[in-house]
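Visitor: Let's see this in three dimensions:
(chains A and B)
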Amino acid sequence: MTRGLSWRNFDFILLGAIVLASSFGTAMIRSAVAGNEVLQPLITRQVYFALLGVVLIFLVGSVDYRYWLALYRPIYLGIMIFLVTLTGFGQSAFGAQRWFQVGVLFLQPTEFAKIVAIIILARYFEVVQYQPRDLKWVFGAVLWASGIILMILLQPNLSNVLLLSVILAVMLWVNGIQVKHVFSAVVIGAIALASLVALSVLGVRVPFLQAYQQERIVNFVVPDPNDTYGNRYNVRQALIAVGAGGVFGEGYGHGTQTQLRFLKVRHTDFIFAASSEEFGMIGGALIIVTLGIIVWRCIRAAQKARDVAGSMIAMGVATLIFFQAAVNIGMNLNVLPVSGLPLPFISYGGSGLTALMLGIGLVESVVMRHTQMEF
Amino acid sequence: MSTGSIPRPARFETWRLATIYIVVILSFTGLLMRLVNLQVFEESTWTAQAVDNYTFEVNVPAPRGIIYDRNGFILARNLASYNIVITPASLPDDASDIQSIYRELSDLIDVPVGGVVTDASLEEAKLFAACVPGPGIAQLVALQDTLAPYSPVKIKCNVSEDIARVVEENSVDWPGVSVDIEPIRDYPTGSLTASVVGFLGPIPALFEEEYRAKGFVPNRDKIGYAGVEDSLQDILAGRNGLRVVQIDVAGQELRNLEPPRPTVPGQNLYLTIDTRLQAAAEASLVQEINFWNTYFGTVRISSGVVIAMNPKTGEILAMVSYPSFENNRFARLIPAYYYEQLSQDSRNLLLNNAIAAEFPPGSVFKLSTATGAFNEKVVDLSTIVQAPGQLLLCEKFNPNDTCTDSNTRPFVDWIFEQNPEGFGQIDFQHCIAYSSNVCFYKLGGGFEDEIKQGLGIERLQQYARALGYDRRSGIQLKGEVDGLIPDPQWKRINTGENWSTGDTYIASVGQGYVLATPLQILMSGATIANRGKLMQPTIVREVTDGEGNPVELWFNSDPELFTVSQEQTPGSYQISPFTPNLKWDITVTPMIANYSCDGSVCSLDEDTLKIVDPATVEAVRGGTRLSVTDSRGTLNELFSSFPIAVAGKTGTAEYCDDVARKANRCNFGAWPTHSWTLAYAPYEDPEIIVIAFAYNGGEGASVAGPIVERVIKAYFELKAIDISQGSPTGGQ
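Guide: Prediction:
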């Protein structure tokens, strides 16, 4: 376990960025839930999760990531059992559900499933690294990912399905998928997306999509100008919050949109708008830059990794963080449709934060062990 | 896991990795640019919307001023109407607690609990306007909870005071349930004073912007629609208070954003009306109308007017326009069926006929002819006029027309049917006392050699105007009409015919084209009674602020302005504190244009004005007194035994309007007639002048006369009561 372990190579810049982002997130959650007594416990809970997360980074970092690759069968089985249970019981009892309740905590296996998917795919690309990049190679990867994707699709949780697809696509891309395959995939994907939008706008129900999800797509493509208090309300209020923030912001705890609760779900989905309102362009840019640094350090780890699996883990985590961040901020700025993806390290959410910290731990584990190649 | 032995080549193609970097950098740069655009270039737009989100204007209604009569008797007040309301945000957290509150409240106010709140039941509840029974409590609260949980929703409106009290007592056990007190205008005297006081109604959509600018809230605040409620709306309404507050998304008020503008309560209005005399006047009028209608067995007299005024001050003590309307029925809303019923009635029930309707004045107009004829020296006190039962006069449309049988017709005196010989030889004052038509034909139009040149229509118009005809009085009531004193030019424009000699004859006795409002006729009598001084008729005695202190106000009756101001402006007169305003004194103010004849062409010279000789006024006064004292005088029967010296003039005015024409009553030689009587007392120093008018009433002295007699009697009885109770000014 200590073989090849070098704390000299531990990425303290990455850790620093993580600590900065999650501290800022906790502070913003405190401001966002101010005045709401029911949500007060969330602040301390988020602090605990952040502290737990930092510990996890060190713990996971100190363990060689290849142990997890070796244990891929029980890990895969375990997460699938969780997901199947969720799909089966959850739906029969309460309709769509995405969490287990353990005491006061809501565990969201989906968040961990994303990390598991990264590990599974990393192992696959490691194993097949010398095979030709033919369709068999492509479908092998798709097959490994499809189990988890299908379960998440059944929840249904479209944004996470999309996220996993993107992770898969990035891994295929960097591992050398043929350009002609990419083109066909893009064409098929474009047709699928276009028909999805068209059907949604026309009001035709699409399988695996909830009515509200289709509505969101419609609202994004064709906004109803009269719909002030309907579905567009949240996005509109987010835009007002961001715009009203100005360059320097209205001050911590003084954003009217946030403090007077015009901005909804401001501690999770719209925490970027809340931050931009209270800290202005400085705060908003700081978040984007910090997340950019995190993504950069992860990709850097992928470049340095001693093997394909390590690269893929780091690249998967980088993609995970990048995609969630871009989609969430895009939604806050009304350049992308509304989805339930939280802002990494900043939005409230114990499972999400813990899973991300696990991912960062894995990246640190990868980066710490790259020195073996340096002789 | 033996990958460690693999040498380290470029594991990934660099360009593939580069695309990843490019995508990441481009995405984040794009988001950054969007952020900068929103926060730097569009900041002001979004800030305005954020401000709009949290800014809320709370308009605090100002209490409307109270209207009193001259003795402090309330004519219009604000009553509390109790509404039971629920503020959703203040209800307890526990659903079963809420349910038990709903159930107990439901038993008390008889509104269904509403059961389970379903989407369908909410959709149904949305269809109901506030205060309309139908939706259950649960639905009303659920709807309000989604709209504005910190604002109360009306569960039941206009509950009894007892229920309101029970709810107040339970307020500790029923958090969230409270009583909302809404002011409702109440008129204790109802229809008795409705035409003077008026009523309130909603702000019309057409004027919403104008009233909003003045701080009113359409659909909540009401404005006056008639009477002084309308004409003095500005001083009665006060000014609504305004607080600009910051609210959160639930509508909870957090703090004032601006210093609040305080509520200015409406000012209280004391009218000159004496409700007791008003009641006596209405009772006298109704009694007389009912008597004659019963006597004839048909609704012959359909409406009437009584006005009583103090000629020395211009204070209107009573102003009855009967039939009127019940303004209390408009307290909450204006019922469509009732409003239609009122507005479709041919008697114009919503109009105050004392000022807003014109009628032929008939013989009461002879006061103008008499004043003119005497002042222009057509007659003097010693002139003896031959007054046969009728005159045969020819209609000349041009001075050169010759008299033939075809254009000669009889002009009949009213006495003709009883005594074809007429009044015989009478002097000027007896012409007035007997109301001899023939005499006034001669004074107005001239007659052969006896009266070579009559007064003529041009000069008659001058004197009629000096007595108050042909112009609005300027009283503080809207809807006043001008009346009409015709002249040749008017006739040419409006009928396309030349003025004829016959027109002058009948105008001299207040017939033909002459029209006047009852108030104008009263003013003509008041000018004579008050020895030439015409006081501005007023309905307002005093205006006080919330603490009861009189405020200084001036009123401009120009129909274009019709404003009340706090300082004197050109053309305005003071209405508070009470000051008698002299409109003019015809014996002092030169008002009569000189009339000069050059050969047969006579004209008015508007540049040189003259006064009316006080002797003229005295002579006419004497005539009005003679109508009581002379045994053949028109008012002799009514007032000869009256303990106080009364003087006056009667009128029986022939008319033919749409109503009469439809009823086939317009028959030549037997026209339907309005009944008029004007009388004042005491003769030497008049302090009360009364006019009564009965539509289609017949002879003036026998129908309108008794009404005037009873009102004058009531006036002096009330005065005696007031003096015995130690308030000598009260009954004035």
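Visitor: ok, now which ones touch residue B:399?
Guide: With contact set as Cβ atoms under 8 Å, 6 or more residues apart in numbering or on different chains, residue B:399 has these partners: residue B:600. (Each C-beta comes from the backbone N, C-alpha and C, glycine too.)
Visitor: Let's verify it: helix, strand, or coil?
Guide: When the structure is split into helix, strand and coil by DSSP: H, G, I helix; E, B strand; the rest coil, residue B:399 lands in coil.
Visitor: For the stretch 351-500 of chain B, which residue gets nearest to chain A?
Guide: For the stretch 351-500 of chain B, the residue positioned closest to chain A under Cβ to the nearest Cβ is residue B:478, at a distance of 42.2 Å.
Visitor: for the residue lying closest to that residue once chain neighbours are set aside, what are its contacts?
Guide: Spatially, and ignoring its direct neighbours in sequence, residue B:478 is nearest to residue B:231 (4.7 Å; Cβ to Cβ, 6 or more residues apart in numbering or on different chains). Applying Cβ under 8 Å, 6+ apart to residue B:231 gives the contacts B:198, B:224, B:476-478, B:562.
Visitor: so which of the residues you listed comes closest to residue B:368?
Guide: Among these, residue B:477 lies closest to residue B:368 (Cβ to Cβ), at 23.8 Å.
Visitor: Which strand or helix spans the closest residue to chain A within the stretch 501-650 of chain B?
Guide: Of the stretch 501-650 of chain B, the residue with the smallest distance to chain A, taken as Cβ to the nearest Cβ, is residue B:546 at 36.4 Å. For residue B:546, there is no helix or strand it lies in under DSSP states H and E.
Visitor: Could you check how many residues crowd around it?
Guide: By the criterion of other Cβ atoms under 10 Å in any protein chain shown, residue B:546 has 14 neighbours.
Visitor: tell me the contacts of it?
Guide: For residue B:546, the contacting residues are B:265, B:267-268, by Cβ under 8 Å, 6+ apart.
Visitor: Flag every residue of the stretch 201-350 of chain A that's near chain B.
Guide: Among all residues of the stretch 201-350 of chain A, those adjacent to chain B (criterion: Cβ under 8 Å from any Cβ of the partner chain) are A:237, A:239-247, A:256-257, A:260-262, A:276, A:280-281, A:284-285, A:288, A:291-292, A:295-296, A:299, A:303, A:306-309, A:311, A:315, A:322, A:326, A:329-330, A:333, A:335.
Visitor: pLDDT below threshold where in the stretch 51-200 of chain A?
Guide: Residues of the stretch 51-200 of chain A that meet the criterion pLDDT under 70 lie in A:87-105.
Visitor: number of nearby residues for the closest residue to residue B:677 other than its chain neighbours?
Guide: Nearest in space to residue B:677, with sequence neighbours left out and distances taken as Cβ to Cβ, 6+ apart, is residue B:704 at 3.8 Å. By the measure other Cβ under 10 Å, the count of residues near residue B:704 is 33.
Visitor: pretty sure residue B:704 contacts residue B:673?
Guide: No. Here residue B:704 lies out of contact with residue B:673, judged by Cβ atoms under 8 Å, at a distance of 10.8 Å.
Visitor: so what sits against both of the two?
Guide: Common neighbours of residue B:704 and residue B:673 (Cβ under 8 Å, 6+ apart) are residue B:697.
Visitor: Please name the nearest non-neighbouring residue to residue 153.
Guide: I went with chain A, as the question did not name one. Counting by Cβ to Cβ, 6+ apart, residue A:153 lies nearest to residue A:161, which is 5.0 Å off, once chain neighbours are set aside.
Visitor: Let me rephrase: I mean chain B.
Guide: Taking Cβ to Cβ, 6+ apart as the measure, residue B:153 lies nearest to residue B:144, with 3.7 Å between them; neighbours along the chain are not counted.
Visitor: Okay, that neighbour and residue B:138: tell me how far apart.
Guide: Here the distance between residue B:144 and residue B:138 works out to 11 Å (Cβ to Cβ, to the nearest Å).
Visitor: ok, the residue in chain B positioned nearest to chain A - how many residues close by?
Guide: When distances are taken as Cβ to the nearest Cβ, chain B approaches chain A most closely through residue B:46, which lies 2.4 Å from it. The number of residues packed around residue B:46, counting by other Cβ under 10 Å, is 21.
Visitor: Pull out the buried positions in the helix or strand that contains it.
Guide: Per DSSP H and E: residue B:46 is located in helix B:43-54. The neighbour-count criterion (16 or more other Cβ atoms under 10 Å in any protein chain shown) identifies B:43, B:46-47, B:49-50, B:53-54 as the buried residues of helix B:43-54.
Visitor: pLDDT-wise, what's the bottom of the residues you listed?
Guide: Across the set of the buried residues of helix B:43-54, residue B:53 stands lowest in pLDDT, at 90.
Visitor: just checking, that one touches residue A:262?
Guide: Yes. With contact defined as Cβ under 8 Å, residue B:53 and residue A:262 form a contacting pair (5.0 Å).
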